[in-house]
Structures are given as structure tokens and as C-alpha cells.
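Colleague: Take this sequence and fold it.
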Amino acid sequence: IKQLIDHPLLSFGSHTFSHVPLHRLSSEVMRREVIENHLALNDVFDNKVKGFSIPFGWSEIRENRISAIIK
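Modeller: Here you go, the predicted structure:
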């Protein structure tokens, strides 16, 4: 990943620590899963991880609190 992270045609995003469906988590646990994992990856990859991929996708479960935490 470190060799590819600067490639102009690729982008890297974070996920969660435990890969659980976000809608099943309390807002506090969800925030930790999303934000702490994103910050940890950016520590390793010099703040080049910009996006986020929602576990199990977004089409099935849409909650405002999920999108608010990701933003």
C-alpha cells in the first residue's frame, strides 16, 4: 500500500476496526470504530487516506447518524 498510495489513479479509504454493521452500534461505539480507525491509518500513511467504505454497503441501511459520523 505504501508503494501505491501516491499513485494518481488510486485512492485509499478507511473502514472500521471490527467490520460490524454500523447501524447495530451505539453512536459512541460507531464513532470510535470509524474515527479511530481512520486516524490510525492516517498515522501510518501520512494523512493520505481520504475516503471511507461503509461495512456491508450503504444501500440497505441509511441512517443520518452514520453519515454524520463519517463526515
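
Colleague: now the closest residue to Thr16 other than its chain neighbours, what's its secondary structure?
Modeller: Excluding the flanking residues, the one nearest Thr16 by C-beta to C-beta, 6 or more residues apart in numbering is Glu33, at 4.1 Å. (C-beta placed from N, C-alpha, C; glycine too.) Here Glu33 is helix, with the state taken from DSSP: H, G, I helix; E, B strand; the rest coil.

Colleague: Check whether Glu33 really touches His23, as I assumed.
Modeller: No. Between Glu33 and His23 there is no contact under C-beta atoms under 8 Å: 12.0 Å.

Colleague: Of these two, which one has the most company?
Modeller: Glu33 (20 against 15; other C-beta atoms under 10 Å).

Colleague: re the thing from before, please list all residues in contact with the residue nearest to Thr16.
Modeller: Shown in contact with Glu33 (C-beta atoms under 8 Å, 6 or more residues apart in numbering): 16-18, 20, 22, 25.

Colleague: Same check on Gly51?
Modeller: By C-beta under 8 Å, 6+ apart, the neighbours of Gly51 are 11-14.

Colleague: could I get those as CSV with secondary structure?
Modeller: Shown next, in CSV, are the contacts of Gly51 (three-state DSSP):
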residue, secondary structure
Ser11, coil
Phe12, coil
Gly13, strand
Ser14, strand
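
Colleague: who wins for most neighbours among the residues you listed?
Modeller: Counting neighbours by other C-beta under 10 Å, the top entry in the contacts of Gly51 is Ser14, with 21 neighbours.

Colleague: and that residue, what pLDDT?
Modeller: Note for Ser14: predicted pLDDT of 91.

Colleague: and what of His38?
Modeller: Per-residue confidence (pLDDT) for His38: 94.

Colleague: now do Pro8
Modeller: Per the predicted model, pLDDT is 92 at Pro8.
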